[in-house]
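Novice: here is my input; please provide its structure:
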Amino acid sequence: MSGKNPWQIFSEECKGVADAYQHLMKEANLGGVLDEKTRLLILIGIYSTTRDPVALRHFVREAIKAGAKRREIEAAALLPFSTGVTSAELSIPLIVEICQAEK
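Specialist: Numbers count the residues shown, from 1 in each chain. Next up, the predicted model:
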């Protein structure tokens with residue numbers, strides 16, 4: 001496989017769909033009412049629940065860039081904990097790995 005990540009390949013192969021998805025994500029923030037860090041923390045909670053490590057890795061890195069601290073990211077991953085322990089089982093080790101690598 002090339003050095004491209006799955007999103008890059010998808011965006012090239014299905015440009016219209018990728019553009020529509022990005023537009024939807026922007027519009028879902030209702031004109032930017034959520035600041036970027038908050039939006040990313042919510043997405044971390046969502047992708048922790050769906051057990052999507054590719055998206056989770058991406059949004060953890062983006063949250064760090066947006067100023068989120070490790071404990072804030074972990075809290076966002078744990079909030080959907082009531083949906084089952086498996087979300088934390090995946091999320092916390094992944095967050096620890098990324099935060100250690102970002103230092």
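
Novice: which SS class is the residue nearest in space to the middle of the chain?
Specialist: Averaging the C-alpha coordinates of the chain gives a centre point, and the residue nearest to it by C-alpha atoms, centre = their mean is F59 (2.6 Å). What DSSP: H, G, I helix; E, B strand; the rest coil gives for F59 is helix.

Novice: got the contact list for V96?
Specialist: With contacts defined as C-beta atoms under 8 Å, 6 or more residues apart in numbering, the neighbours of V96 are R70. Just so you know, the C-beta spots here come from the backbone N, C-alpha and C atoms, and that holds for glycine as well.

Novice: pLDDT wise, what is it at?
Specialist: Reading off the confidence values, V96 has pLDDT 90.

Novice: check which helix or strand covers it.
Specialist: Element membership of V96 [criterion: DSSP states H and E] is helix 85-102.

Novice: of all the residues in the helix or strand encompassing L78, which ones are buried?
Specialist: Secondary structure assigned from DSSP H and E places L78 in helix 70-78. By neighbour count, and taking 16 or more other C-beta atoms under 10 Å as the criterion, the buried residues in helix 70-78 are R70, E72, I73, E74, A76, A77, L78.

Novice: and the helix holding V96, how far out from the chain middle?
Specialist: 12 Å (C-alpha atoms, centre = their mean, to the nearest Å).

Novice: what's the helix holding L78 packed up against?
Specialist: Secondary-structure packing of helix 70-78 (3 or more C-beta pairs under 8 Å, 6 or more residues apart in numbering; DSSP states H and E): helix 36-49, helix 53-65, helix 85-102.
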